[in-house]
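**Student:** I'll drop the sequence and a predicted model, then ask my questions.
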Amino acid sequence: MCDDVGEVSESMSNQWLESVARGTVHVYTEHILKIRELTEQSTKQLIVDIGMCVCATSRLSCLFTKCLVTLQYVVTHSPDCRIKYNYNI
């Protein structure tokens, strides 16, 4: 019976942690999408910051990091996005 309680507790902890991480990524993504203009330095910093968030959430085996990876790719590689939002990398 103790093993069952421990498994339930661990499962609930995992669900809670995943929920917190999912909410954090959601809020973070929403704020990134509100950015209208980035300087060269702020673009570089954003790429680093997104990378750190991806690293942290991927260690939690969170599947929702795909959104952050996509944002990181767009900021890093998409000339259309940089032009539209005045990214100067």
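**Tutor:** Now that the structure is in, tell me what you want to look at. Source: prediction; values computed, not measured.
**Student:** what's the helix or strand for Gln15?
**Tutor:** Here Gln15 sits within helix 2-33, counting by DSSP states H and E.
**Student:** what's the angle from the next helix or strand along the chain from that helix to helix 2-33?
**Tutor:** Once helix 2-33 ends, the next helix or strand along the chain (criterion: DSSP H and E) is helix 40-58. Orientation note: helix 40-58 sits at an angle of 160 degrees relative to helix 2-33 (axes from the mean of the first three to the mean of the last three CA atoms, to 10 degrees).
**Student:** Run through the neighbouring helices and strands of the helix holding Gln15.
**Tutor:** Under the contact criterion of 3 or more CB pairs under 8 Å, 6 or more residues apart in numbering; DSSP states H and E, helix 2-33 touches helix 40-58, helix 65-77. (Glycine included, C-beta is placed from N, CA and C.)
**Student:** Report the buried residues of stretch 49-58.
**Tutor:** Neighbour-count burial for stretch 49-58 flags 50, 53-54, 57 (criterion: 16 or more other CB atoms under 10 Å).
**Student:** Need these in CSV (columns: pLDDT and distance to Thr39).
**Tutor:** As requested, those are exported to CSV (pLDDT from 0 to 100; distance: CB to CB, whole Å):
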residue, pLDDT, distance to Thr39
Ile50, 88, 16
Cys53, 85, 20
Val54, 83, 22
Thr57, 78, 26
